[in-house]
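Undergrad: For reference, the sequence and a predicted model appear below.
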Amino acid sequence: QVQLVESGGGLVQAGGSLRLSCAASGRTFSWYGMGWFRQAPGKERAFVAAISRNGGSTYYTDSVKDRFTISRDNAKNTMYLQMNRLKPEDTAVYYCAAKQGLRLYKGENEYDYWGQGTQVTVSS
């Protein structure tokens, strides 16, 4: 079992920045590929970014490329999502997820473990 806890969400004005954290516990963090997803009001949960278990590979959905950066610190059992130049359409609950394996995982149904989510609200 892996337990995931997100933090760092909040209210920010358009153009601002936030950094989300995902703290993991329970199993060896470096065994797991990690991802960020988000769910906007009235919409399905959607992929945002993924990072391989050693941090060497990353992947982003087109709408956040060049604005968001995913990273991880395996010594601290923590993954991050640095979000810059935020837009109102980034408003959502953000979830982190974990999947044991070697590669990047982009599909929601590929992940085995999920956090409870953290709210990000971007005002215009």
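TA: Everything's here; your move.
Undergrad: can you pull the contacts of Glu89?
TA: Ala40, Ser63, Val122 (C-beta atoms under 8 Å, 6 or more residues apart in numbering). For the C-beta atoms, the positions are set from N, CA and C on the backbone; glycine is no exception.
Undergrad: can you confirm the second one is in a strand?
TA: No. Applying DSSP: H, G, I helix; E, B strand; the rest coil, one finds Ser63 to be helix, outside a strand.
Undergrad: Grab the nearest non-local neighbour of it.
TA: Glu89 (7.7 Å; C-beta to C-beta, 6 or more residues apart in numbering).
Undergrad: sec struct for the one you found, please.
TA: helix.
Undergrad: before we move on, the earlier item: rebuild the contacts of Glu89 as a markdown table, extending it with pLDDT, distance to Gln82 and neighbour count.
TA: Shown next, in a markdown table, are the contacts of Glu89 (pLDDT from 0 to 100; distance: C-beta to C-beta, whole Å; neighbours: other C-beta atoms under 10 Å):
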| residue | pLDDT | distance to Gln82 | neighbour count |
| --- | --- | --- | --- |
| Ala40 | 97 | 20 | 14 |
| Ser63 | 97 | 16 | 12 |
| Val122 | 98 | 15 | 20 |
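Undergrad: Tell me the one of these nearest Tyr95?
TA: Ala40 (12.1 Å; C-beta to C-beta).
Undergrad: quick one on the thing from earlier: and of the contacts of Glu89, the nearest to Gln116?
TA: Taking those together and measuring to Gln116 by C-beta to C-beta, the closest member is Ala40, at 17.0 Å.
Undergrad: now the strands for the protein?
TA: 3-7, 10-13, 18-25, 32-39, 46-51, 58-60, 68-73, 78-83, 92-100, 113-114, 118-123 (DSSP state E).
Undergrad: okay, those strands, which one's buried deepest?
TA: strand 32-39 (a mean of 24; mean count of other C-beta atoms under 10 Å).
Undergrad: Sweet, I'm off.
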